[in-house]
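> only geometry, no sequence info:
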């Protein structure tokens, strides 16, 4: 069973696949397969728990026999035989307990292996749509869920499920012991219900408040320079402290209630054990049970109540784990982009935008409103228009970051949104408006974090004309960049990002404000790189406000309020614009 859980591939289930019949990843199947891992492992662990519970009768039975037989008969042979049997049973108990622990560990690892890549994919998509805080929360939830599945808290309900074994043994010893055990279980169950009623909603609100507090401060810290320069830290700290104190107040209240109920439960448990011994002593005095039965009943009542006590004590972990799992399900169902899982071959065809409409989630008015045009290999399109016209949104749609509301973007007949991401990355290059480099070396960033051929890295760097600039850095292409490493200027980051965009000679290149941080030398290098890509047969779409770069464009598209107002050859579009504006002013608009 452990091998089945460990070896079951991430992409396939034993009775199904995370890939739907149309070749796309199916979030519903991912969730169902993760649940199947839970169910299969829990059933297996439940069977082990039954055996473990039976073996835990060893100590009360051993005490019963020692008190009632060995001490009366004074037989050393009987004592030896009973001791050997008890030790053997306890050894088997230890082995089964270890196997059960391994099964939970395997379950946690299997769930993590199945969901980590889909969740990472969903996190990337969520960061595009909703910001980084939503993206990272589901990844934290998966780590915390795995920690919960490998903790002792997860086995307590299984042990409690087999409590009738000990309850039956108590009834066999004497009906009074059974009645005490039944009342005891009922009392602890009531304590559990009261704990849930007192803490569930508070813990949910506290957890949500804490998540929001952390996400807000994390989002603010990304603008640390502005905060420090303009003295916004005191006001920001005041807001964060208020949110944090609200979350802490909720956590403390729920924690206090939970600890109070745990203390009450423990007192009830110890009181019940005292009552059991008192009842046993009374029955011994009346000669209705033997001293061995009295001692055995005390051990049995303790074992009967222990899992219920553990469930109540670890109730908070269960509530948080359930909430985390629900957030994981939500992330997979809402954030995971449904794309093809089958790689698509390299493409050299036309780029066709067909009746493309895009409206942001929760917004009724579309940003892109039914636009259509096409580009052939070797054509350069300049995309211009006023602010908030939808240019950057269109750029994201062209490279499949955003899902169209209707219509689509097709490269050589393939839907770029549904395109399997790894194979799409081999035919597409994208330079976003906000340039960032990933944690790693410059070579890693240009090669898109792959183990690549150095010659292809050098080719991309030379095409972007950053080879000499990189050579002047402390470690050249092995210079680490990212948080805590070498600080590059905006122009340096943009030119390295351009090399990353041009890596491996992509067929579709989308540049959003590629010259925003470039000086005249960098801009000339950019123009030469675009010309070389065009001569190589690539389709290039670029957005820019500075007119000089638009001179390399073959066609112009003027976008206003999400609609195309002009499209065609650059000279024709410029000539047809409103009289009184120079061609450079038209392009810059």
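Looks like it came in fine. Computed from a prediction, not measured in an experiment: that's the story for all the values here. Numbers count the residues shown, from 1 in each chain.
> all strands for the stretch 451-589 of the chain, in order.
Chain-ordered strands for the stretch 451-589 of the chain, with DSSP state E, counting those that start in this stretch as the definition, fall at 480-481, 508-512, 539-543, 555-560, 563-569.
> ok, and what's touching the shortest one?
Outside strand 480-481, the residues that touch it by Cβ atoms under 8 Å, 6 or more residues apart in numbering are 437, 439-442, 445, 486, 488, 496. Heads up, the C-betas are built off the backbone N, CA and C, glycines and all.
> how about 7 Å then?
The set of residues external to strand 480-481 that reach it, using Cβ atoms under 7 Å, 6 or more residues apart in numbering, is 437, 440-442, 445, 486, 488.
> ditto for the fourth one
Under the criterion Cβ under 7 Å, 6+ apart, residues 373, 379, 381-386, 389-391, 394, 564-570, 573 lie in contact with strand 555-560.
> follow-up on the earlier one: export the strands of the stretch 451-589 of the chain to a markdown table and tack on mean neighbour count?
Conversion of the strands of the stretch 451-589 of the chain to a markdown table gives the following (neighbours: other Cβ atoms under 10 Å):
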| stretch | mean neighbour count |
| --- | --- |
| strand 480-481 | 18 |
| strand 508-512 | 25 |
| strand 539-543 | 25 |
| strand 555-560 | 21 |
| strand 563-569 | 15 |
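> Among those strands, show the one with the smallest mean pLDDT.
If these are sorted by mean pLDDT, strand 480-481 sits at the bottom with a mean of 88.
> Return the distance of that one from the chain's centre.
26 Å (Cα atoms, centre = their mean, to the nearest Å).
> what residues does stretch 418-438 touch?
The contact list for stretch 418-438, computed with Cβ under 7 Å, 6+ apart, reads 24, 339-344, 346-347, 392, 399-400, 416, 445, 448-449, 481-482, 493-494, 496-498, 501-502, 504, 506-514.
> Buried among the residues you listed? Need that as a selection in ChimeraX.
ChimeraX command restricting the contacts of stretch 418-438 to the buried ones, with burial defined by 16 or more other Cβ atoms under 10 Å:
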select :24,339,340,344,347,392,399,400,416,445,448,481,493,494,496,497,498,501,502,504,506,507,508,509,510,511,512,513,514
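> Sort out for me which of the contacts of stretch 418-438 are in helices.
The helices in this structure, assigned by DSSP state H, contain 392, 445, 493-494, 496-498, 501-502 from the contacts of stretch 418-438.
> farthest pair in those?
392 and 445 (21.8 Å; Cβ to Cβ).
> Could you point out the longest helix of the protein?
When secondary structure is assigned using DSSP H, the longest helix within the chain turns out to be helix 76-130.
> got CSV for the ones in helices among the contacts of stretch 418-438, with pLDDT and distance to residue 366 too?
Converted to CSV, the ones in helices among the contacts of stretch 418-438 look like this (pLDDT from 0 to 100; distance: Cβ to Cβ, whole Å):
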residue, pLDDT, distance to residue 366
392, 91, 15
445, 91, 35
493, 89, 33
494, 90, 30
496, 92, 35
497, 92, 29
498, 93, 31
501, 94, 28
502, 93, 32
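> Just give me the neighbour total for the spatially closest residue to residue 196 that is not a sequence neighbour.
Of all residues not flanking residue 196 in the chain, residue 315 sits nearest, at 6.8 Å (Cβ to Cβ, 6 or more residues apart in numbering). If you count neighbours by other Cβ atoms under 10 Å, residue 315 ends up with 22.
> Residue 315: what's it in contact with?
Residue 315 makes contact with 195-196, 199, 258, according to Cβ under 7 Å, 6+ apart.
> What helices and strands are in contact with the longest helix of the chain?
Contacts defined by 3 or more Cβ pairs under 7 Å, 6 or more residues apart in numbering; DSSP states H and E place helix 76-130 against helix 2-7, helix 27-55, helix 58-65, helix 132-149.
> between those, which one is nearest to residue 114?
Closest to residue 114 of the helices and strands packed on helix 76-130, according to Cβ to Cβ: helix 27-55, at 5.7 Å.
> did I read that right, residue 389 in a helix?
No. Looking at residue 389 with DSSP: H, G, I helix; E, B strand; the rest coil, it is coil, so not inside a helix.
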